[in-house]
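S.K.: What follows is a predicted structure for the sequence shown.
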Amino acid sequence: MKNIGSGSVTFYAPDGSKLQIKGEVQLYAERVVVTEFIYFNGKPNGAREYNLPLAQTVVQWEPEVYEEIGFE
């Protein structure tokens, strides 16, 4: 199973709301860490990191270059 790469994460909160985050995704034992890059005037200016429980998230991976051309 893939555990690091680019993608989007949908987090379902206990109050029924959901949060969608796009960025670099890393999976650890029971956690999902999403690093969202902040751009200012088209240049990276910082990053925000979210640490979410794995049980309440859905990860959608973006295909990497080698996966798009058929190598895995």
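M.R.: Right, received. Where do you want to start?
S.K.: Can you tell me the element the residue positioned nearest the centre of the chain falls in?
M.R.: In the chain, the C-alpha nearest the mean C-alpha coordinate belongs to residue 25, at 3.5 Å (C-alpha atoms, centre = their mean). Secondary-structure assignment from DSSP states H and E places residue 25 in strand 18-27.
S.K.: Can you name every helix or strand that the helix or strand following that strand contacts?
M.R.: Reading on from strand 18-27 to the C-terminus, the next helix or strand found by DSSP H and E is strand 31-40. Where contact means 3 or more C-beta pairs under 8 Å, 6 or more residues apart in numbering; DSSP states H and E, strand 31-40 is packed against strand 18-27, strand 43-53. Where you see a C-beta, it was placed from the backbone N, CA and C, and this is true even at glycine.
S.K.: a markdown table for these, including distance to residue 34?
M.R.: A markdown table is the format used below for the helices and strands packed on strand 31-40 (distance: least, C-beta to C-beta, whole Å):
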| stretch | distance to residue 34 |
| --- | --- |
| strand 18-27 | 5 |
| strand 43-53 | 5 |
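S.K.: returning to that earlier point: any idea what the residue nearest to the centre of the chain is bridged to?
M.R.: In this structure, residue 25 has beta-bridge partners residue 5, residue 34, where bridges are defined by DSSP bridges.
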